[in-house]
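Trainee: Got a sequence here, can you build the structure:
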Amino acid sequence: MKSVFYQPEGGWIGDTIPFAHDGKYYIYYLHDERKGNSEDEYGYRTSWNLLVTRDCVHFTDYGVVLPVGEYDAADYACYTGSVIEGKDGRFHIFYTAQNNYNPRYHKDGRPLQFVAHAVSNDLIHWEKDPGFLFGADESIYEPWDWRDPYVFYSEEKGCYCMLLAARVIGASEKNGGCVGLCTSDDLISWKAQQPFFNPGSYMTHECPDLFKMGEKWYLVYSTFSEKFVTHYRFSDSIDGPWTAPIEDTFDGRAFYAAKTAAVNGERAAFAWVPTKRGNTDYGQYEWGGTLIVHKIDQHPDGRLTVKPPEALTALFDQDITPKNTDASAAEITNYEGISSVVLDGMPDTCMIEADIEFSEGTRSFSLAVRQDSLLSGGYYLRFEPFYNRVVADMWPRRITGVNQWYIDGDKPFLIELERPLDYKNLPNNIVHVQLIDAGSILCLYVNNEVALTTRAYASERTHWGFMVSDGSIKVTNIHMYR
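Mentor: Residues are numbered from 1 along each chain as shown. Predicted structure coming up:
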């Protein structure tokens, strides 16, 4: 099946576990049917399901490949892990086993987390290893945070290594998370080692991932204590030290738990766009949602940037740019307020592409979509040169109250949806934008380097256009594609 942003029928996508083999991405993911006991219980008894794709657009869905265990099993829920091809010629899954309900798997009233194991000859049919289960070495690590094993063979160390979202005994609750480490010679017997990465910065480092690109090593993990986001660090050595670039994330709040894989030298980051409660812009973010994929590029200085997969933009091959306007180019100037160019005709699924040149001193300019005819109600992807950022905004920002000022006017944008952009180094003050609009998701790519994704549930408005505030812009190469 072909999909812009994939979501399984009757379920939602949680953490992804991508694995590259035979020129294809095998995308295992936590399949959530949201059958928990309350509206706040997500990831209830998630199985591992499998998607296979060559291009991140055309998918084969194999459904459940790693089912949950029964009530007496440690893996009453199967959570995140990794896939590796062992030296024995078989494929191995290492995954998180957790049972929140059976007291057999609790200590001091709290549920424990374990690493479990399964094997396969074809990456599709898996057999669980009933004799394999291990928890944290409590001389080093706490037993409550012991999850998301990422297993790889290290030529440098001459053994298998397992990274985990872990916590050192006695560490701070707020920022005591670490990337734990175990080692093994045979994938069966594992020994806990001192942490692989222990910066003392976050509550946890979820879904750790490690890869080498060029001459650099990259460590990827996701956090939720400072903000919900996927970070990365890089180093010249697998042993560190691990350096944070100025911008150390791939996207904003609506791109979580990203892990990566490379096919034919092309590395991609796979994550989920969270839904919002009640399928409304004003709802709380939820766990799990829809699959999204960014292609990863590497700069000479080691920084990583993202862009859309080529097959994704190739889906939009029918030019439907409005013909009743001078849509190929537009110049907008207003040094005292806001001016705009309004276009009409925006389908539910489309891609908008344009080049925007801004004059020195321009306060801000926007691509406005799913708007009313005045561009005064809808979604805004706003560029703010003074602050060196791109932000997502919408109007109204909340359900309006009885008084005129009940509009969240003290929030200048959706504060969780901000991405840095260095305007001073843009050639000729030009930004190239690609906005992919599909269903309830907007994904903006800027200069094939920066991504900003958001949920956007209102789809009844069909106007779109460009705006400038206190400045001047020239918009060229404007296209809308179905």
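Trainee: for this protein, what are the low-confidence residue spans?
Mentor: 324-328 (pLDDT under 70).
Trainee: Select the longest strand from it.
Mentor: strand 463-481 (DSSP state E).
Trainee: Could I get the buried residue list for that strand?
Mentor: 463-469, 471-475, 478, 480-481 (16 or more other Cβ atoms under 10 Å). Placement of C-beta: from N, CA and C, glycine included.
Trainee: can you give me the offset of it from its chain's centre?
Mentor: Offset of strand 463-481 from its chain centre (Cα atoms, centre = their mean, to the nearest Å): 28 Å.
Trainee: Ok, stretch 140-158 next?
Mentor: 22 Å.
Trainee: buried sites along it?
Mentor: Taking 16+ other Cβ under 10 Å as the criterion, stretch 140-158 shows I140, Y141, E142, P143, W144, D145, W146, R147, D148, P149, Y150, V151 as buried.
Trainee: Could you do stretch 43-54 as well?
Mentor: Buried, per 16+ other Cβ under 10 Å, within stretch 43-54: G43, Y44, R45, T46, S47, W48, N49, L50, L51, V52, T53.
Trainee: Make a markdown table from those residues and add distance to S172 and secondary structure to it.
Mentor: As requested, the buried residues of stretch 43-54 are exported to a markdown table (distance: Cβ to Cβ, whole Å; DSSP: H, G, I helix; E, B strand; the rest coil):
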| residue | distance to S172 | secondary structure |
| --- | --- | --- |
| G43 | 25 | coil |
| Y44 | 29 | coil |
| R45 | 31 | coil |
| T46 | 29 | coil |
| S47 | 34 | strand |
| W48 | 32 | strand |
| N49 | 36 | strand |
| L50 | 38 | strand |
| L51 | 38 | strand |
| V52 | 41 | strand |
| T53 | 41 | strand |
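Trainee: Between the residues you listed, which sits nearest S376?
Mentor: G43 (39.1 Å; Cβ to Cβ).
Trainee: contacting residues around the nearest residue to T349 once chain neighbours are set aside?
Mentor: Once flanking residues are discounted, T349 sits nearest to A438: 4.7 Å by Cβ to Cβ, 6 or more residues apart in numbering. Residues in contact with A438 (Cβ atoms under 8 Å, 6 or more residues apart in numbering) are V4, F5, D348, T349.
Trainee: neighbouring strands for the strand or helix carrying A330, and are they parallel or not?
Mentor: Element membership of A330, judged by DSSP states H and E, is strand 329-344. The strands that strand 329-344 pairs with in its sheet are strand 463-481 (antiparallel) (by DSSP bridges).
Trainee: one step back: now the residue nearest to T349. Its backbone dihedrals?
Mentor: Main-chain dihedrals, A438, degrees, to the nearest 10: phi -150, psi 110.
Trainee: Phi and psi next, for T400.
Mentor: phi -70, psi 140.
Trainee: domain ranges for the protein?
Mentor: If you go by automatic domain parsing, the domain ranges for the chain are 12-313, 318-481.
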